[in-house]
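Student: Here is my input; please provide its structure:
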Amino acid sequence: MRTSLLSRTELETFEKRGCAILEEAAEAHVLCKDWTPEEVDDFFHRIFPKPFAYAARIDKGKGTDPKRHWVLINKQKQQYEVVQGDKPSGKQLYFYRGRPKCPTAETNVIIGMSPLFLI
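Tutor: Purely as a prediction, here's the structure:
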């Protein structure tokens with residue numbers, strides 16, 4: 001599992017493939033602290049349709065929750081780690097998005113494929 005930061009080129013590649021939203025484009029997507037875990041799932045499915053469609057295709061018939069293909073990731077001191085817990089809510093997204101009171105353009109919410117999904 002990779003725990004180091006992505007380069008600018010890697011981030012741009014992710015954006016071209018529909019797996020990341022960077023800079024100005026990210027400002028159109030506002031997080032709400034009051035979102036339920038289901039609303040958070042819907043939000044990510046709406047803004048990342050390609051990765052979630054892929055996950056649904058390869059998960060067909062495995063009997064796992066089709067909406068739970070992802071985990072919330074925290075970046076701390078140049079390292080990534082999976083946030084423990086089940087089904088993050090809007091409050092958790094807001095907490096892990098970055099520094100309090102920073103502009104929207106400087107916030108980050110990082111998600112990844114669930115290790116359980118990959119089994």
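
Student: so residue 11 makes contact with residue 20?
Tutor: Yes. If you go by Cβ atoms under 8 Å, residue 11 and residue 20 touch, sitting 6.0 Å apart. Every residue, glycine included, has its C-beta placed from N, CA and C.

Student: neighbour-wise, which of those two wins?
Tutor: More neighbours surround residue 20 than the other of residue 11 and residue 20, with 18 against 15 (other Cβ atoms under 10 Å).

Student: host element of the more buried one?
Tutor: Here residue 20 is covered by no helix or strand, with elements defined by DSSP states H and E.

Student: Which residue lies closest in space to it, excluding its sequence neighbours?
Tutor: Counting by Cβ to Cβ, 6 or more residues apart in numbering, residue 14 is the residue found nearest to residue 20 once chain neighbours are left out, at 3.8 Å.

Student: Look at that neighbour and tell me its secondary structure.
Tutor: When classified by DSSP: H, G, I helix; E, B strand; the rest coil, residue 14 comes out as helix.

Student: How many residues are close by it?
Tutor: A count of neighbours around residue 14, defined by other Cβ under 10 Å, yields 15.

Student: Residue 16 too?
Tutor: Residue 16 has 9 nearby residues by other Cβ under 10 Å.

Student: what sits against it?
Tutor: Applying Cβ atoms under 8 Å, 6 or more residues apart in numbering, we find residue 16 in contact with no residue.

Student: For it, give its distance to residue 100.
Tutor: 31 Å (Cβ to Cβ, to the nearest Å).
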